[in-house]
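Visitor: Return atomic coordinates for the entry below.
(one chain, ligands or ions: 2)
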Amino acid sequence: MRIKTINVHKVLLPVKGGIYRMASDDVQSLDSTLVEVVTEEGLAGWGETCPIGPVYQPQHALGARAAIAEIAPGLIGQQVQSIRLLAKRMDERLNGHGYAKAALDIAFLDLLGQQLGVPVSTLLGGALTDRVESYYSLIVGEPDETARIAADKVRSGYPRLQVKIGGRSLEQDVATVRKVWEAVGFKARIAVDGNRGMTVAAAMQLSHLCQSVPFVLEQPCNTMEEVATLKGRISHPVYLDESTEDQNAVLRAISSGIADGFGFKVTRLGGLSKMTTVRDMCAIRSLPHSCDDAWGGDIIAAACTHLASTVEPRRCEGAWIAQEYIDGHYDSTNPIRIVEGHIAVPQRPGLGVRPEPGMFGPPITSHG
Ligand code: 0XW
Ligand code: MG
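Guide: Ligands and ions are numbered 1, 2, ... in the order given. Got it, this is the predicted structure:
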């Protein structure tokens, strides 16, 4: 099975409700890059990478497409058999840019799964469950309104909530966390996500003022070093998200004991194949983690779901997908959907989702 063509598509995904607000940035429409890798036999594998704007993390949409333009010509004619060989080939074409390589890695796994007649979860080591948890992300908002949405989402079945804070007064952040807790109590696990927006001092004050609320504090400060100084000085467990820039950053965080868990992004870590390594490193130290991506449609949602199904459920902090904040699906027959806060793991070969033929229009670039 040799690669004949790689088509690149650009898809705009406007935010339902207008604005997705985080401490680090407000976004209104996201620019997703999809790759369709077509073999000589006419089989098509899909991949996707959709950074949540150019500010959330160093990755950005134009960067993804520029990187794919460097890499793709070198993949034409290559066999889709050894994912590791294809990864090596990509590294020989371009240093770094894991978030662009991730889209291609996902497409290779989609192809291989279809050829072997197995779901991607099987290629990642095997699913432990057929239904994974998701979580609802509450954007930075007014405390009472945030608590009202939180209660509503927990009633609908979400087992976990992520409360976004930062970029405003400590008073508002503390009020939001307390009100969400009063509204949901132990009915859901709570992560409080500062998205790099807090000083160490503010993170310490928040933790002290909300001491009796059992939440995990996700990426409160900008750097891993700042977050490291919180150890032993606050009462809440600390998770890293944006600081996990690559596999080595995860290794550093685990070996130095900085993080009690992680919010992982499949594309930032370089794709599903690279994620299996950090997944297994976390298993060795019994560390919980999510299986998310920053944004995107059904393709990346399927990738996150397959991965999450291979994580020991007691340590799986869910697969976040953008469904609640975008309209429609690429695959209306077999969409990846959150039902009662959970996502069914696709059982069909490959990713188990196919964009409707022609729905993205002609590709913006074709290689091969
Ligand atoms: C909730 N997410 C997974 C979606 C947005 O991209 C931000 C992200 C996070 O945890 O920071
Ligand atoms: Mg986060």
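
Visitor: Which positions in the chain make contact with ligand 1?
Guide: Within reach of ligand 1 by C-beta under 6 Å from any ligand atom, the chain has these residues: 52, 137, 162, 193, 195, 241, 263, 292, 294, 295, 320. To be clear about C-beta, it is placed using only N, CA and C from the backbone, and glycine gets the same treatment.

Visitor: List the ones among those that fall in strands.
Guide: If you go by DSSP state E, the residues of the chain next to ligand 1 have 137, 162, 193, 263, 292 in strands.

Visitor: Packing partners of the helix or strand containing residue 277?
Guide: When secondary structure is defined using DSSP states H and E, the element that contains residue 277 is helix 272-284. Using 3 or more C-beta pairs under 8 Å, 6 or more residues apart in numbering; DSSP states H and E as the contact definition, the elements that helix 272-284 packs against are helix 83-93, helix 98-116, helix 247-255, strand 261-265, strand 289-292, helix 298-309.

Visitor: on that earlier part again, from the ones in strands among the residues of the chain next to ligand 1, which two are the most distant?
Guide: In those, two members sit farther apart than any others by C-beta to C-beta. They are 193 and 292, at 11.2 Å.

Visitor: Identify the contacts common to the two.
Guide: residue 263 (C-beta atoms under 8 Å, 6 or more residues apart in numbering).

Visitor: What segments of the stretch 51-200 of the chain are helices?
Guide: According to DSSP state H, counting those that start in this stretch, the stretch 51-200 of the chain carries its helices in the segments 61-71, 83-93, 98-116, 120-123, 143-155, 170-184, 200-209.

Visitor: Return the most buried member of those.
Guide: The highest mean neighbour count among the helices of the stretch 51-200 of the chain, using mean count of other C-beta atoms under 10 Å, belongs to helix 98-116: a mean of 26.

Visitor: So for it, mean pLDDT?
Guide: The predicted model assigns helix 98-116 a mean pLDDT of 98.

Visitor: tell me, what residue is most central in the protein?
Guide: With the centre of the chain defined as its mean C-alpha position, the nearest residue by C-alpha atoms, centre = their mean is residue 293, 1.6 Å away.

Visitor: Domain-wise, how is this protein divided?
Guide: For the chain, the structural domains run 3-119+354-367, 123-344, going by automatic domain parsing.

Visitor: list the contacts for residue 100?
Guide: Taking C-beta under 8 Å, 6+ apart as the contact definition, residue 100 lies against 33, 49, 63, 64, 65, 67, 68, 71, 94.

Visitor: Does residue 310 touch residue 127 like I think?
Guide: Yes: shown here, residue 310 and residue 127 form a contact pair, counting by C-beta atoms under 8 Å, at 6.0 Å.

Visitor: These two: which is more packed in?
Guide: Comparing residue 310 with residue 127 by other C-beta atoms under 10 Å, the one with more neighbours is residue 310, at 25 against 22.

Visitor: Give me the pLDDT value at the more buried one.
Guide: The model's pLDDT for residue 310 equals 98.

Visitor: ok, now residue 179?
Guide: Model confidence at residue 179, given as pLDDT, is 98.

Visitor: Near ligand 2, which residues of the stretch 51-200 of the chain are found?
Guide: Contacts of the stretch 51-200 of the chain with ligand 2, taken as C-beta under 5 Å from the ion, map to residue 193.

Visitor: switch the cut-off to 6 Å
Guide: The interface of the stretch 51-200 of the chain toward ligand 2, taken as C-beta under 6 Å from the ion, is made up of 193, 195.

Visitor: and the nearest residue to residue 245 once chain neighbours are set aside, helix, strand or coil?
Guide: If the residues on either side of it in the chain are set aside, residue 245 comes closest to residue 268, at 6.7 Å by C-beta to C-beta, 6 or more residues apart in numbering. Using DSSP: H, G, I helix; E, B strand; the rest coil, the structure places residue 268 in coil.

Visitor: list the contacts for residue 268?
Guide: For residue 268, counting by C-beta under 8 Å, 6+ apart, the contacting residues are 57, 59, 98, 99, 102, 244, 245, 246, 294.

Visitor: And those, which two are furthest apart?
Guide: 246 and 294 (15.1 Å).

Visitor: Looking at the two, which is more packed in?
Guide: Set side by side, residue 246 and residue 294 give different neighbour counts by other C-beta under 10 Å, the larger being at residue 294 (24 against 16).

Visitor: Not including adjacent chain positions, what is the nearest residue to that one?
Guide: Setting aside the residues directly before and after it, residue 294 is nearest to residue 52 in space (C-beta to C-beta, 6+ apart), at 4.0 Å.
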